[in-house]
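Chemist: everything below, folded, please.
(4 chains, ligands or ions: 6)
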Amino acid sequence: MKKFIHDFEVTRNIHITDDYFALNLKCPVSLPDMLPGQFAEVLVGNSATTYLRRPISIYDTNYDTNELSLLIKKVGDGTIALSKLKEGDILNLVYPLGNTFSMPQGENALLICGGVGIAPMLLLAKLLHSKGYNPDILIGGRTSADIIEPGKYEPYGEVFITTDDGSAGEKGMVTQHSLFTEKIKSYSIIYACGPDPMMKAVARVAASHQIPCEISLENTMACGIGACLCCVVETIDGNKTTCVDGPVFDTRTLKL
Amino acid sequence: MKKFIHDFEVTRNIHITDDYFALNLKCPVSLPDMLPGQFAEVLVGNSATTYLRRPISIYDTNYDTNELSLLIKKVGDGTIALSKLKEGDILNLVYPLGNTFSMPQGENALLICGGVGIAPMLLLAKLLHSKGYNPDILIGGRTSADIIEPGKYEPYGEVFITTDDGSAGEKGMVTQHSLFTEKIKSYSIIYACGPDPMMKAVARVAASHQIPCEISLENTMACGIGACLCCVVETIDGNKTTCVDGPVFDTRTLKL
Amino acid sequence: MLDLSVNVHKLLLKNPVMSASGTFGYGPEFDDFMDVNRLGGILTKACTSKNRDGNRYPRMAETPSGMLNSVGLQNKGVDYFIDVIYPKISHYNTHIIVNVSDSTVEGYMEVAEKLNPLEKITGIELNISCPNVKEGGMAFGTSCPMAGAVTKAVRGVYNKTMIVKLSPNVTNIAEIAKAVEDEGADSVSVINTLLGMAIDAEKRRPVLSTITGGLSGPAIKPVALRMVWQVSKAVKIPVIGLGGISNATDAIEFLLAGATAIQVGTANFVDPQVCIKILDGIEEYCSRHGITDIKELIGALES
Amino acid sequence: MLDLSVNVHKLLLKNPVMSASGTFGYGPEFDDFMDVNRLGGILTKACTSKNRDGNRYPRMAETPSGMLNSVGLQNKGVDYFIDVIYPKISHYNTHIIVNVSDSTVEGYMEVAEKLNPLEKITGIELNISCPNVKEGGMAFGTSCPMAGAVTKAVRGVYNKTMIVKLSPNVTNIAEIAKAVEDEGADSVSVINTLLGMAIDAEKRRPVLSTITGGLSGPAIKPVALRMVWQVSKAVKIPVIGLGGISNATDAIEFLLAGATAIQVGTANFVDPQVCIKILDGIEEYCSRHGITDIKELIGALES
Ligand SMILES: Cc1cc2nc3c(=O)[nH]c(=O)nc-3n(C[C@H](O)[C@H](O)[C@H](O)COP(=O)(O)OP(=O)(O)OC[C@H]3O[C@@H](n4cnc5c(N)ncnc54)[C@H](O)[C@@H]3O)c2cc1C
Ligand SMILES: Cc1cc2nc3c(=O)[nH]c(=O)nc-3n(C[C@H](O)[C@H](O)[C@H](O)COP(=O)(O)OP(=O)(O)OC[C@H]3O[C@@H](n4cnc5c(N)ncnc54)[C@H](O)[C@@H]3O)c2cc1C
Ligand SMILES: Cc1cc2nc3c(=O)[nH]c(=O)nc-3n(C[C@H](O)[C@H](O)[C@H](O)COP(=O)(O)O)c2cc1C
Ligand SMILES: Cc1cc2nc3c(=O)[nH]c(=O)nc-3n(C[C@H](O)[C@H](O)[C@H](O)COP(=O)(O)O)c2cc1C
Ligand code: FES
Ligand code: FES
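Modeler: Ligands and ions are numbered 1, 2, ... in the order given. From the prediction side, this is the model:
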């Protein structure tokens, strides 16, 4: 897929919670096609302490208005600087980068996400829905404050929630959710994105049920385009780049 | 004089010309006294390529509203970033720094400034006027676009203008202005701030008429508080710091 | 007309702007962002005698105005390069210079010898300065006898343009430059990365799997510029300058300090079009300053 | 209760945060911004045997996340220090350590000997690493025999705590550290500035009057951290870490890498209250991590 570099205009900065915000960005030309799981490398121009671009998933797209949106969690100087962008500001993106998820080979699919790991899942849910699937979407967090915009997913599948403290949905980790007792066997594929321990736990459960599992990794990156070899992950075929060969990997190919 | 460090709030950013802007800044506490010629070290937080603070003269003060203002010329990344500040943004200042001008020992005073060198002159004109002087203020520039807010000075003295191309006031350099033919002898002191060649030329003429001359230097600075010894100027008593012993120097003490 | 061409030994570069090894892949990674043929040359990712997996992840850490990397020469070896990669890049109409690395003198020789016949590989850059491998690597570049020895050995088997890439982690870089000049280097590139380290204070662990790594980016520009200036006064062969170059002004500074050509590394990550912008910026600078031949700028620092 | 005290040889510092030489004046420059007594110590501006004017203006250039300086040891000499400056700072209730510099071994000895009797000067820091003087300076710090010789000579005339400040512009800093340890240094501070250069491309001239200068600030932090780690593994005497420290996280990183105490330099220019913020931040870190004695962090890097 051809990659682009464009100056987007911030059309809206939506402060969702204290920690999360979404940027709506308008493309100066017509928005190229983007696939679920793909990301952009974002240039943070307004932070004195941020040098490299920041990889951020494509959260949503609107080809009618040539807009895309990013869902971002404030974790450090770069994301905090991005949270201060205002309508009319310019944001430079290198995009769309990386691979995408594969389509289910059977009937049902389960999407599991934790924290900002929901970002790449919205486009995936949309695509699955448009292809006639009705995926289950399981969102986990420490508390209810970590469950961001679950309503966005409802049009595309059934949404389930877990929190560590039980403040929303079922109490416990995602892999302790009741979906994992019986229904789990009905999925032909599981997709996951979230903190490393969560993805590993999901991968283990999937493997134990012999269900294909694809996870989206968030390795630290320098270039995002396969030029630096910094973002590698160990696979059964040697080191692969997360930015070009990933971020989506079949867990069976990974040395987890 | 006690120095302070405060987070000011930008109350207005006035774009005067393409190259010049003025920032009105509100002090979170009551504004300490400041003297003409003093400056602030401004922390540029929104530029990825600016590390050190930037020295900027105190342009104006309003003790009633606890506001001060800075007049800034865009010359590089730091000043360009400052030009983008909006109402409500925060700007951290270390201030007031440096010495001040001495008062005339005789009747009349001439203030000469070029480019952004007018910045330290407004407070000086005000002070002189409040002490009963009626100074002459000579503003020079390459073209009329370099003559910034001359009207601001009119309440405090008589304003004269020169431009290299004659697009405003008399044509030529400041030292070629008609004030220098006869009236020059009437001044008991000349104050100057502007580009180095201009200040040198003024100092020479002043010396030839044996008129005391004080200039405000713009040496590059790292600390602004006498700690680094980077900003020195050669004087007849050895190296002196521009930030503490200056920025105002009697030209007779300088090795120009 | 502005003449931007420069000569690095036998190589006539159409302009002095090249991409630095390890930061530009093999070229095609940047095809979507620029016409790679406009560059004076491409320095490929390091090529070693055998396949190397490189170091374990994490391999990079951001630092103030720069980054640390400890990729560790990951590549599939010289035979794979010749069989698989070379055919994919030999269409480029610019100099392709292969960055050659290894752990032993014999390894360097093997790679160089195998690359010698490749028509479109017009030169090699001996990387005797990689801080990210346990054996060889930087050790070759931090002593005059070793730097001289590897240069001499490769010179014996390679007869096209041989550039030697120097390590900045030394007391006297000019001395090393002279040692490799004496042993037949046609040019030196100055500098590779500075050895640095990053720590995650919360986890109380090194960020990199290798603990230390190579520092690059604007942070190191003042050191690189100083070394280019020192080396270019010490040797007669052309010096290629790099280290933190991010815009045309930086590039001009390196030329003034004595570099005949420059390489752009880490800046490619921040702006994948930066090489072309630097090229355009150099043209603009020359026309603004009435310069008709870029060679006028080389070493033209007044002091 | 949190114990923040650390021992640098005979000096018991109330906490590990000190100000670096040449960036904090003599202390009073910062009185308006903080209670200087809260610091673990103050390192004064360099003190030489005779008055020195330093280098000509311009003496500094901003660089990406850092700066170059070539102040060149401007000071009025040790006698003036004793007569005029000392009385103005002897009221401070913290360690005042004088940074000692000169062009000759005899000069270093003269300064050290004259400082020895001053009650409130509890130690000296031998600056064998200043890159900004024509004679002596860095040359002392870039070879083991010379570093050892000046250390030994000063040791002969100075019997309080003697810290030796090392140059980063060397191939093997651990070796130099060992050489000065062997000759009687009580501690080493790591690092002084990296030799760098800045050019004004428009004017085609060096920015600094001295052409090269010393690079400091966040840009050099990764190099400094690596060197502190290397040196602290090589010597038994306490290591004082510095180079780019700008916040408490940076300071913790240096402690983890093996530093017993730290110094804050260029960051004082960006935020004149930074030393106190670092101190507060270290306390906050310790309480968050359940640390009751800061000494637990020294060299506690897991790897
Ligand atoms: C392919 C990909 C897609 C991503 N999509 C999103 C997204 O849609 N929304 C979003 O908010 N974030 C996303 N991230 C993560 C995002 O890139 C980081 O949070 C961001 O780079 C942090 O920048 P910062 O300057 O705010 O924090 P920094 O100051 O750089 O780091 C703050 C803290 O976060 C840690 N950290 C930084 N980057 C990473 C990382 N990649 N993995 C683990 N820890 C890290 C640091 O170690 C540090 O402790 C994605 C990452 C990748 C690789
Ligand atoms: C005491 C003092 C008072 C000042 N008052 C004002 C003021 O009221 N308004 C105002 O606009 N400016 C003032 N200046 C100048 C101002 O500090 C610089 O213009 C500013 O620091 C430039 O920052 P920058 O990041 O925009 O440019 P940089 O990117 O730092 O520099 C851009 C260009 O300007 C040159 N430059 C930068 N600083 C200086 C300097 N100090 N002297 C000469 N050339 C320089 C650089 O060499 C470069 O060519 C003052 C300076 C001093 C020392
Ligand atoms: C991710 C990365 C990988 C690198 N790999 C190599 C390499 O394989 N061979 C080599 O000689 N230099 C390598 N380098 C060093 C660069 O070519 C260059 O010398 C250095 O980064 C300084 O230039 P810069 O600041 O412009 O990046 C690498 C640098 C980076 C950042
Ligand atoms: C303006 C300036 C002046 C300095 N003067 C001295 C000095 O006189 N003696 C000395 O040993 N180090 C001197 N240094 C070096 C600092 O003490 C310190 O080693 C170096 O700046 C690295 O630390 P930093 O990055 O925290 O500034 C000076 C540094 C600067 C920036
Ligand atoms: S981030 Fe550079 S190769 Fe993936
Ligand atoms: S700027 Fe530091 S002493 Fe003047």
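Chemist: neighbours around residue 131, how many?
Modeler: Using chain A here. Look at residue A:131: counted by other Cβ atoms under 10 Å in any protein chain shown, it has 9 neighbours. C-beta here means a position set from N, CA and C on the backbone, and glycine is covered the same way.
Chemist: let's do chain C instead
Modeler: Residue C:131, neighbours per other Cβ under 10 Å, totals 27.
Chemist: mind listing what it touches?
Modeler: By Cβ atoms under 8 Å, 6 or more residues apart in numbering or on different chains, the contact list for residue C:131 reads C:70, C:137-138, C:167, C:169, C:192-193, C:195, C:212-214.
Chemist: flag the least confident of those residues.
Modeler: Lowest pLDDT among the contacts of residue C:131: residue C:137, with 65.
Chemist: how close does the residue in the stretch 101-250 of chain A that chain B sits nearest to get to residue B:215?
Modeler: Closest residue of the stretch 101-250 of chain A to chain B, Cβ to the nearest Cβ: residue A:222 (16.3 Å). Using Cβ to Cβ, to the nearest Å, residue A:222 is found at 49 Å from residue B:215.
Chemist: out of those two, which sits in the busier spot?
Modeler: residue A:222 (31 against 28).
Chemist: in the stretch 101-250 of chain A, which residue sits nearest chain D?
Modeler: Chain D sits closest to residue A:222 of the stretch 101-250 of chain A, with a gap of 14.7 Å, by Cβ to the nearest Cβ.
Chemist: I figured that residue hits residue A:241, correct?
Modeler: No - Residue A:222 is beyond contact range of residue A:241, at 10.8 Å (criterion: Cβ atoms under 8 Å).
Chemist: give the residues shared as contacts by the two.
Modeler: residue A:231.
Chemist: and residue A:243, what does it touch?
Modeler: Per Cβ under 8 Å, 6+ apart, neighbours of residue A:243: A:55, A:97-98, A:221, A:223-226, A:231.
Chemist: likewise residue C:84?
Modeler: residue C:76.
Chemist: roughly how far does it sit from residue C:125?
Modeler: Taken as Cβ to Cβ, the span from residue C:84 to residue C:125 is 21 Å.
Chemist: and of the contacts of residue C:131, the nearest to residue D:2?
Modeler: residue C:212 (31.2 Å; Cβ to Cβ).
Chemist: circling back: check contacts around the residue of the stretch 101-250 of chain A closest to chain D.
Modeler: A:52, A:228, A:230-231, C:60, C:67, C:69, C:266, C:269.
Chemist: top of these by number of neighbours, please.
Modeler: Of the contacts of residue A:222, with other Cβ under 10 Å as the count, residue C:266 tops at 31 neighbours.
Chemist: distance-wise, check the residue of the stretch 151-300 of chain C found nearest ligand 3 relative to residue A:43.
Modeler: Per Cβ to the nearest ligand atom, residue C:265 is where the stretch 151-300 of chain C lies closest to ligand 3, at 2.3 Å. Plainly put, residue C:265 is 18 Å away from residue A:43 if you go by Cβ to Cβ.
Chemist: flag the shaky bits of chain C, pLDDT-wise.
Modeler: Applying pLDDT under 70 to chain C flags the ranges C:132-137.
Chemist: can you map out the helices along it?
Modeler: Taking DSSP state H, the helices of chain C run over residues C:78-80, C:86-89, C:105-115, C:144-155, C:173-182, C:221-234, C:248-257, C:267-270, C:274-288.
Chemist: distance to residue D:24 for these - can I get that in JSON lines?
Modeler: Below are the helices of chain C laid out as JSON lines (distance: least, Cβ to Cβ, whole Å):
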{"stretch": "helix C:78-80", "distance to residue D:24": "54"}
{"stretch": "helix C:86-89", "distance to residue D:24": "54"}
{"stretch": "helix C:105-115", "distance to residue D:24": "49"}
{"stretch": "helix C:144-155", "distance to residue D:24": "40"}
{"stretch": "helix C:173-182", "distance to residue D:24": "32"}
{"stretch": "helix C:221-234", "distance to residue D:24": "23"}
{"stretch": "helix C:248-257", "distance to residue D:24": "31"}
{"stretch": "helix C:267-270", "distance to residue D:24": "34"}
{"stretch": "helix C:274-288", "distance to residue D:24": "38"}
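Chemist: closest one to ligand 4 among these?
Modeler: helix C:221-234 (12.6 Å).
Chemist: the closest one close to chain D?
Modeler: Yes - counting by Cβ under 8 Å from any Cβ of the partner chain, chain D is contacted by helix C:221-234 at C:221-223, C:225-226, C:229.
Chemist: so that helix versus helix C:248-257, what angle?
Modeler: Here helix C:221-234 runs at an angle of 30 degrees relative to helix C:248-257 (axes from the mean of the first three to the mean of the last three Cα atoms, to 10 degrees).
Chemist: between helix C:221-234 and helix C:173-182, how many degrees?
Modeler: Using the same axes, to 10 degrees: helix C:221-234 against helix C:173-182 is 50 degrees.
Chemist: find the helix or strand that residue A:52 is a member of.
Modeler: Following DSSP states H and E, there is no helix or strand that holds residue A:52.
Chemist: and it, what's its pLDDT?
Modeler: pLDDT, read off for residue A:52, is 97.
Chemist: who's in contact with it?
Modeler: If you count contacts by Cβ under 8 Å, 6+ apart, then residue A:52 has A:221-222, C:62, C:67, C:269-270 around it.
Chemist: quick revisit: the residue of the stretch 101-250 of chain A closest to chain D and ligand 5: what is the separation?
Modeler: Remark: distance between residue A:222 and ligand 5 (Cβ to the nearest ligand atom, to the nearest Å) = 5 Å.
Chemist: next, count neighbours for residue A:135.
Modeler: With other Cβ under 10 Å as criterion, residue A:135 counts 24.
Chemist: quick check: it touching residue A:126?
Modeler: No - checked against Cβ under 8 Å, the pair residue A:135 and residue A:126 is beyond contact range at 10.1 Å.
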